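In: sequence-free structure coming up:
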């Protein structure tokens with residue numbers, strides 16, 4: 001039994017959920033998201049709540065129950081509040097700058113790295129060593145943050161590189177004489 005799937009998804013004020021066959025469309029102030037539900041689960045919309053139930057007692061149906069509920073909850077949260085990931089840059093001369101539809105990263109290479117900002121994602125650089133990634137799709141926000149971090153992940157000796165805000169880097173001791 002799924003503990004997550006048992007809880008209903010509360011639909012806040014200003015968010016509309018429409019069920020078009022197996023496609024679920026969520027609209028809110030931050031945009032519109034859609035999700036193709038599996039035939040292994042049933043979704044019921046009633047009284048500003050969405051309930052997800054397994055269609056049968058098969059293992060696949062029970063495993064999709066909690067997953068579907070979590071994805072729908074993330075969509076509702078995304079179109080109402082949005083998601084944000086913050087990246088920090090450490091290292092001498094390392095910096096980032098948002099320029100129109102691209103992010104320019106200076107990460108110690110012989111050239112600047114130009115990262116095109118995907119549609120539906122907003123990137124701000126309040127400081128040259130801080131990147132704020134905002135969007136309504138949780139998966140896309142995390143994917144963009146991961147791609148930016150992969151250009152120069154933090155190294156274990158000095159901690160230089162791109163890291164998530166609050167991420168702890170396990171440090172190694174340097175060479176001994």
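Out: Thanks, I have the structure now. None of the values given here were measured: they were computed from a predicted structure.
In: And for stretch 126-136, what's in contact with it?
Out: Stretch 126-136 has contacts (C-beta atoms under 8 Å, 6 or more residues apart in numbering) with 28, 30-31, 33, 78-79, 82-90, 94-97, 103, 120-125, 141, 144-145, 148, 162, 165. No exception for glycine: its C-beta is placed from N, CA and C like everyone else's.
In: Which helix or strand lies directly C-terminal to the strand or helix carrying residue 63?
Out: Following DSSP states H and E, one finds residue 63 within helix 59-80. Of the helices and strands lying after helix 59-80 in sequence (DSSP H and E), the nearest is strand 83-90.
In: What residues of that next one count as buried?
Out: Buried residues in strand 83-90, counted by 16 or more other C-beta atoms under 10 Å: 83, 85, 87, 88, 89, 90.
In: again, but for stretch 68-88
Out: Buried-residue list, stretch 68-88, by 16+ other C-beta under 10 Å: 68-80, 82-83, 85, 87-88.
In: pLDDT averaged over that stretch - what is it?
Out: Average pLDDT, stretch 68-88: 95.
In: check contacts around the residue nearest the centre of the chain.
Out: The centroid of the chain falls nearest to residue 138 when counting by C-alpha atoms, centre = their mean (2.9 Å). With contacts defined as C-beta under 8 Å, 6+ apart, residue 138 is in contact with 74, 77, 78, 83.
In: pretty sure residue 120 contacts residue 32?
Out: No - taking contacts as C-beta atoms under 8 Å, residue 120 lies outside contact range of residue 32: 10.0 Å.
In: follow-up on the earlier one: give me phi/psi at the residue nearest to the centre of the chain?
Out: Here is the backbone geometry of residue 138 (degrees, to the nearest 10): phi -60, psi -40.
In: tell me the pLDDT at it?
Out: The model reports residue 138 with a pLDDT of 96.
In: Which residues belonging to stretch 17-26 are considered buried?
Out: With the criterion 16+ other C-beta under 10 Å, stretch 17-26 contains buried residues 17, 24, 26.
In: Can you get me the centre-to-centre distance for that stretch and its chain?
Out: Its chain's average C-alpha position is 21 Å from that of stretch 17-26, according to C-alpha atoms, centre = their mean, to the nearest Å.
In: Stretch 43-53 now?
Out: Distance of stretch 43-53 from its chain centroid, counting by C-alpha atoms, centre = their mean, is 24 Å.
In: Just the buried positions in it, please.
Out: 43, 50, 51, 52.
In: With stretch 97-106 instead?
Out: Within stretch 97-106, the residues that qualify as buried are 98, 103, 105, 106, counting by 16+ other C-beta under 10 Å.
In: got it, and stretch 124-139?
Out: Buried residues in stretch 124-139, counting neighbours by 16+ other C-beta under 10 Å, are found at 125, 131, 132, 133, 134, 135, 136, 137, 138.
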